[in-house]
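1. Next comes the sequence, and after it the predicted model I'd like to discuss.
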Amino acid sequence: MPHIDQLSAQLDRLAAFEPGPFPFISLYLNLQADDRGRDRFEPFLRKELADRVRTYSSSAPERESLHKDAEKIRAYIDGVERSMNGLALFACSGADVFEPVPLAAPIDEHRLYISDEPHLYPLARLLDEYPRYLALLADTSSARIFVFAANTLEKRHHIQGTKTKHHKQGGWSQARYQRHVENFHAQHAKEVAEHVARIVRNEAITKVILSGDGAVLPLLREHLPKDVAGRVVDVVRLDTHAPEHDILRSTIAALKEKDAATDRERVEALLGSYRASGLACVGLEDTMKAFERGQVDELLVTATPDGLNVGAGRKIREGGAARTRSAEERAADTLIAQARKTAAKVRFIENTSLLRAVGGVGAFLRF
């Protein structure tokens, strides 16, 4: 399964694709088995590919390109790991493009698009939903550090400190022993904090989740460098020995809850800057113009393309006979492609009502 950096590189390559004369397939499959352990995607794939190919003339080069794509897709899927939850696949034989993206992150439903360019919005949103982050589970004598990305484990680290036992003697002996224990705990927290800081800085991780008891958390916060402490987005309660799948599930849920809570703050900041004639724009047309000028620093866009107001008079590039993307999906793809090309950050706003008044999209500007 690709590392998240590989997924990001694939997204960049696809965003740079220039539309040509040949049809481009964008395929999203839910690979999760049904209640009986059977795959659910093969009937969909077999029917939909055949139906789309038939929409082209039997002698057309577009049909030949699609036929080759269909054969490569079937061959690839025959060998795909069944442990994967989802698959995004992009193909255009006529342009020599074949980009499979196996995913641990789930895809909610099967979707097949044939157009003149890749449909990237669903993939970009998945990578936003399941970012790279660090989870730390610690007590006063041990620590487990995990780096998760794209709904799977990338790295794990374990730090074992010195275990201390309760000392029953009283008086000065007890006081000296207590200071001794506190020193061990502080040294352990310092070592853990330094280890976390190295990982976060080396891998440019922007989100950290902590879990620990009342004894270790204050020590960790004391020893975390300011730039790393500023990346702590939440503190959760987890058993230090919890299995990895429980840690992943709980921390992903915490991230999503935190993102939903901060979405409103970010949208309000955008609207405030726009109202004050600051470095912000809203609406599809003005955001597109800002991208053309290289001004966009961070794109805020509705998590559902249907929430985009494309405007009755706005011209969106049309494709071939078998295009299946809506005007809103085409606009969403253009926004994502422009963001990838210009290294602009992208934030998907889950609550579509937050951006509804401005057409579902806006941006903070660089200048």
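-> Ah, there it is. Residues are numbered from 1 along each chain as shown.
2. pLDDT weak spots in the stretch 151-300 of the chain?
-> Applying pLDDT under 70 to the stretch 151-300 of the chain flags the ranges 162-172, 174-175, 177-178, 180-181.
3. so where do the helices sit in it?
-> 171-202, 216-223, 226-229, 244-275, 284-292 (DSSP state H, counting those that start in this stretch).
4. what's the burial count for Glu244?
-> Residues lying near Glu244 (other CB atoms under 10 Å) number 14. For every residue, glycine as well, the C-beta is placed using N, CA and C.
5. circling back to that earlier point, could you dump the helices of the stretch 151-300 of the chain to JSON lines with distance to Leu134?
-> Formatted as JSON lines, the helices of the stretch 151-300 of the chain follow (distance: least, CB to CB, whole Å):
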{"stretch": "helix 171-202", "distance to Leu134": "6"}
{"stretch": "helix 216-223", "distance to Leu134": "13"}
{"stretch": "helix 226-229", "distance to Leu134": "9"}
{"stretch": "helix 244-275", "distance to Leu134": "9"}
{"stretch": "helix 284-292", "distance to Leu134": "32"}
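6. and the closest residue to Phe24 other than its chain neighbours, what does it touch?
-> Among residues not flanking Phe24 along the chain, Cys92 sits closest, at 4.4 Å (CB to CB, 6 or more residues apart in numbering). Counting by CB atoms under 8 Å, 6 or more residues apart in numbering, Cys92 makes contact with 20, 22-25, 65, 69.
7. who's Cys92 bridged to?
-> Val97 (DSSP bridges).
8. On the pLDDT front, check it for me.
-> As predicted, Cys92 sits at a pLDDT of 98.
9. got a list of contacts for stretch 8-18?
-> So stretch 8-18 is contacted by 2, 24, 90, 95, 97, 99, 101, 117-118, 120, 123-124, 127, 336-337, 340-341 (CB under 8 Å, 6+ apart).
10. same question, stretch 75-86
-> 1, 28-33, 39, 41, 45, 87, 89, 100, 102-107, 126, 151.
11. Put the buried members of those residues into a ChimeraX selection.
-> To isolate the buried subset of the contacts of stretch 75-86 in ChimeraX, counting by 16 or more other CB atoms under 10 Å, use the following:
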select :28,29,30,31,39,41,45,87,89,100,102,103,104,105,107,126,151
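12. Can you flag which of the contacts of stretch 75-86 belong to strands?
-> 28-30, 87, 89, 100, 102-103 (DSSP state E).
13. got a list of what Ala135 touches?
-> Contacts of Ala135 (CB under 8 Å, 6+ apart): 145-148, 208-209, 211, 247, 251.
14. one more time with 6 Å
-> 146, 209, 247, 251 (CB atoms under 6 Å, 6 or more residues apart in numbering).
15. if I read this right, the last one contacts Ile209, doesn't it?
-> Yep, that's Thr251 we're talking about. Yes: between Thr251 and Ile209 there is a contact at 4.9 Å, judged by CB atoms under 6 Å.
16. Not counting residues beside it along the chain, what's closest to Ser93?
-> Per CB to CB, 6+ apart, closest to Ser93 is Lys68, 3.9 Å.
17. meant to ask about Phe291
-> Leaving out its chain neighbours, Phe291 is closest to Gln338 (CB to CB, 6+ apart), at 4.0 Å.
18. ditto for Glu48
-> Of all residues not flanking Glu48 in the chain, Leu112 sits nearest, at 4.7 Å (CB to CB, 6+ apart).
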